[in-house]
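Trainee: Give me a model of this one.
(one chain, ligands or ions: 1)
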Amino acid sequence: MPDLENPIHAAPGDARPPRPDTLGLYLAVPFCRAKCTFCNFASGVYPASAMPAYVAALERQLAAARAWAHRHSLTLPHTIDTIYLGGGTPSLLPPDLLTTLFHTIREHFHVLPDAEITLEAAPLQLDPDTLDAGLTVGLNRVSFGVQSFVEAEARATARTHSGDEALAEIERMRRSGVAHVSADLIAGLPGQTTESWHHSLDRLTEASLDHSSVYMFELDEDSRLGAEALRGGARFGAALLPREDIVADWYAAAIDRLAQAGLAQYEISNFARPGGRSVHNERYWLRRPYLGVGVDAHSMLRHAHTGAAARFAIPEELDAFLAPHHATTWDEPELLTPREELEEAWFLGLRRTAGVSLALLTRQFGGDALAPFSAVLAELAEADLLTRTPGDGGPVDRVALTRRGQLLSNDVFAALLAAEDQPAPEQNPQPLPHAETQPSSYPATSIPTIA
Ligand code: SF4
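Mentor: This is a model prediction of the structure:
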């Protein structure tokens, strides 16, 4: 399905939106100093001696990407406007490997001079030499996984920083000339209280960042803390996890507190000053092309002839990735059907506070594909889960989640999915949450940005 138009509604001063004809490059670096108890990413405490082999494998993959895309009839844009090093803790890379990696990127792609280049870092885990090397290769954004400015909370999850140290790290980036600095917090850590949450929010706003992310801890089997809590155990502080409804209140408080500090929410978990948005992450929500290299990295490119989105990934096993033959073997791409593309456009587009444009979806997918949704959109608006805003003097165009809809986003998405299969709106059996319903799920944090 061709990507017809950029639907970003940018405020004056906002960073330029990601273009459909350029590429975002994601580099996964899975090395960490300690495995955080809440972490469900493909990362681990691997020996630093494996880093050169890992970077060499990344380089082989970068070199192989164009031929691989061509073999699968996928369009791989040559021009890159965003690069994101995530993981893992890519700030642990030694300076020479970072330099080599960027040399290889520039050998195979054209990186725009004003490309946004982000490095994820944990506080106290970005050496001055690596930072210098990063600045030399064009690094202009550092995203710190602070998670909590309360030392006891951070230490309980395997982090080692105090609140003062985290603030000092942010200040060090600014003094070093990093143009954009972001910091993440997690609501719902073991032992967290309303008072300690507000302390973290206060310190976050003190730091005068231009971007911040706030996630709610997700209870799933993929993290040690989540698995322990699900089986009713107490290890990793699982018995001290705050209640979901309280965490939802903290999330709502964060939206207000950050807005007062000038960091407006622009996505379920993301906040920025004008000019501070993560252009790379906007690619995911706007379904712009991106290529992921490294373990468990995901990609989305478009079919050269039909324009259909193709998704593919790298398996998460490090040993397999390091095997010399592996560099050319992304999993077989999966071509999305128009129906799957429309579902993605809803799920990803509604994560943004700007929401989705019905006129744009109609142009992309056709009026018939949109027709089944009109009744459920009205019901969701009635249930205070969606807002519907008219276009220029015309009918309803822009649809966005309300705050309540953000907290109940999984219910909204389930209702939209169910509507697709309903022959007539009045037969829709999917019950919508009533206004007094408590959130049944946290906003999904599907984009891997916690370092
Ligand atoms: S949260 Fe970040 S630093 Fe902690 S284990 Fe996961 S990837 Fe590593």
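
Trainee: can you list contacts of stretch 223-235?
Mentor: Stretch 223-235 is contacted from outside by 35, 37-40, 157, 190, 217-221, 236-239, 241, using Cβ atoms under 8 Å, 6 or more residues apart in numbering. (Each C-beta comes from the backbone N, C-alpha and C, glycine too.)

Trainee: for stretch 170-186, same thing?
Mentor: 38, 116, 131, 135, 139-149, 166, 200-201, 204, 207, 209-217, 254, 276, 278, 449-451.

Trainee: Now do F109 against the ligand, distance only.
Mentor: Using Cβ to the nearest ligand atom, to the nearest Å, F109 is found at 26 Å from the ligand.

Trainee: what's the burial count for that residue?
Mentor: By other Cβ atoms under 10 Å, the residues close to F109 number 22.

Trainee: Out of the contacts of stretch 170-186, which sit inside strands?
Mentor: If you go by DSSP state E, those have 116, 141-147, 211-216 in strands.

Trainee: and which of the residues you listed is nearest to H110?
Mentor: For the ones in strands among the contacts of stretch 170-186, the residue nearest H110 by Cβ to Cβ is E116; the value is 15.0 Å.

Trainee: So in terms of bridging, what pairs with that closest one?
Mentor: T82 (DSSP bridges).

Trainee: And it, how far from the ligand?
Mentor: 21 Å.

Trainee: what residues does the helix or strand bottoming out on mean pLDDT in the chain touch?
Mentor: The helix or strand of the chain with the poorest confidence is helix 318-322; it has a mean of 87 (mean pLDDT, DSSP states H and E). Helix 318-322 has contacts (Cβ under 8 Å, 6+ apart) with 30, 44, 46, 50, 53-54, 57, 294-295, 314-315, 326.

Trainee: one step back: buried subset of the contacts of stretch 170-186?
Mentor: For the contacts of stretch 170-186, a burial check counting by 16 or more other Cβ atoms under 10 Å picks out 38, 116, 131, 139-149, 166, 200-201, 204, 207, 209-217, 254, 276, 278, 449-451.

Trainee: quick one: contacts for the closest residue to H72 other than its chain neighbours?
Mentor: Excluding its sequence neighbours, the residue lying closest to H72 (Cβ to Cβ, 6 or more residues apart in numbering) is P333, at 5.3 Å. Residues in contact with P333 (Cβ under 8 Å, 6+ apart) are 72, 74, 301, 310-312.

Trainee: Check what pLDDT E344 gets.
Mentor: Predicted confidence (pLDDT) for E344: 96.

Trainee: before we move on, what about I447?
Mentor: Value for I447, per-residue pLDDT: 32.

Trainee: between the contacts of helix 318-322, which is nearest L361?
Mentor: L361 lies nearest to I314 out of the contacts of helix 318-322, by Cβ to Cβ, at 30.7 Å.

Trainee: from memory the closest one sits against A65, does it?
Mentor: No. I314 is not in contact with A65 according to Cβ atoms under 8 Å; the separation is 11.5 Å.

Trainee: what residues are shared contacts of those two?
Mentor: Between them, I314 and A65 share the contacting residues V293, judged by Cβ under 8 Å, 6+ apart.

Trainee: what residues does this protein put near the ligand?
Mentor: Contact residues (Cβ under 6 Å from any ligand atom) of the chain with the ligand: 32, 35-36, 39, 41, 43, 87-89, 122, 145, 450-451.

Trainee: I'd like those laid out as CSV, including pLDDT.
Mentor: Output for the residues of the chain next to the ligand, formatted as CSV (pLDDT from 0 to 100):
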residue, pLDDT
C32, 96
K35, 95
C36, 95
C39, 93
F41, 91
S43, 92
G87, 89
G88, 93
T89, 97
A122, 96
G145, 96
I450, 39
A451, 40
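
Trainee: Show me how this structure divides into domains.
Mentor: 23-286, 338-427 (automatic domain parsing).

Trainee: burial count for E420?
Mentor: Using other Cβ under 10 Å, E420 is surrounded by 14 other residues.

Trainee: what sits against the closest residue to it other than its chain neighbours?
Mentor: The shortest distance from E420 to any residue other than its chain neighbours is 5.6 Å, reached at P372 (Cβ to Cβ, 6+ apart). Applying Cβ under 8 Å, 6+ apart, we find P372 in contact with 419-422, 425.

Trainee: Check A369 too.
Mentor: So A369 contacts 338-339, 342, 361 (Cβ under 8 Å, 6+ apart).

Trainee: could you redo the last one with a cut-off of 7 Å?
Mentor: Contacts for A369 (Cβ atoms under 7 Å, 6 or more residues apart in numbering) come out as 338, 342.
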